[in-house]
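A.B. asks: Predicted model follows, preceded by the sequence.
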Amino acid sequence: KNQVEQSPQSLIILEGKNCTLQCNYTVSPFSNLRWYKQDTGRGPVSLTIMTFSENTKSNGRYTATLDADTKQSSLHITASQLSDSASYICVVTAYGGSQGNLIFGKGTKLSVKP
Amino acid sequence: SAVISQKPSRDICQRGTSLTIQCQVDSQVTMMFWYRQQPGQSLTLIATANQGSEATYESGFVIDKFPISRPNLTFSTLTVSNMSPEDSSIYLCSVEGTGTNYEAFFGQGTRLTVV
């Protein structure tokens, strides 16, 4: 069964600190892996998309890694800001690509405190 | 990228009534997607809406409960019919980008509370 598991479920950190969110998946065949940020009351916004051949991708203070062999991904946030408080959703696309094949994780809720 | 306007942003409805959610995209798209996001749960695809044809529903979702219209290439509506408290959720519309990675763009969502 295709699944995406994220950990931790929630996380509280102090402003300025770094953190790493984890995503494990059992999706096959694999097309790509995405990380989304979802602010409260808003729709998800894409942070990164990685295909099978990519093992790291950055978007500002966000760096995603992908290990396709172990089927694991991480999202590292550097020098956190209060505006980073949001849910971060890992999404894996099964081969074929279109939204009918998106497998969503439940998300990690990050709270950044001053 | 695509800019998606979704309304209403939130509503509180009485059980047994229906609510229609509108989704407007700033460009023409072939497919539009409707999702449900229940508290603490992942996004679940309800249906895919193509212009000029009936929507395709995922397992567990039926047209009588979630009728969808797609009158043109930039607009779609989702109706939540005969609502019960179990329908309280966030509903999101989405479209795909034109790149090879099928990047998904989402509206801001409609937070529905049924009382």
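C.D. replies: Yep, it's here.
A.B. asks: mind listing what the helix or strand in which residue A:92 is found pairs with, with the direction of each?
C.D. replies: Residue A:92 is part of strand A:86-94 when elements are defined by DSSP states H and E. Paired neighbours of strand A:86-94 in the sheet (DSSP bridges): strand A:30-38 (antiparallel), strand A:102-104 (antiparallel), strand A:108-113 (antiparallel).
A.B. asks: Tell me which of those lies nearest to residue B:105.
C.D. replies: Closest approach to residue B:105 among the strands paired with strand A:86-94 is made by strand A:30-38 (10.5 Å; CB to CB). Every residue, glycine included, has its C-beta placed from N, CA and C.
A.B. asks: For chain A, what's its nearest residue on chain B.
C.D. replies: Using CB to the nearest CB, the single residue of chain B nearest to chain A is residue B:106, 3.3 Å away.
A.B. asks: That residue: how many residues sit nearby?
C.D. replies: Counted by other CB atoms under 10 Å in any protein chain shown, the residues lying close to residue B:106 total 24.
A.B. asks: quick revisit: just how off-centre is the strand holding residue A:92 within its chain?
C.D. replies: Relative to its chain's centre, strand A:86-94 lies at 5 Å (CA atoms, centre = their mean, to the nearest Å).
A.B. asks: returning to what we had before: enumerate every residue touching the residue nearest to the residue of chain B closest to chain A when sequence neighbours are not counted.
C.D. replies: Residue nearest to residue B:106 in three dimensions, not counting chain neighbours: residue A:43, with 3.3 Å by CB to CB, 6 or more residues apart in numbering or on different chains. Residues near residue A:43 by CB atoms under 8 Å, 6 or more residues apart in numbering or on different chains: B:4, B:6, B:92, B:94, B:106-109.
A.B. asks: Counting neighbours, which bits of the strand holding residue A:92 end up buried?
C.D. replies: Using 16 or more other CB atoms under 10 Å in any protein chain shown as the test for burial, strand A:86-94 gives A:86-94.
A.B. asks: Over to stretch B:64-82?
C.D. replies: Within stretch B:64-82, judged by 16+ other CB under 10 Å, the buried ones are B:65-68, B:70, B:73-78, B:80-81.
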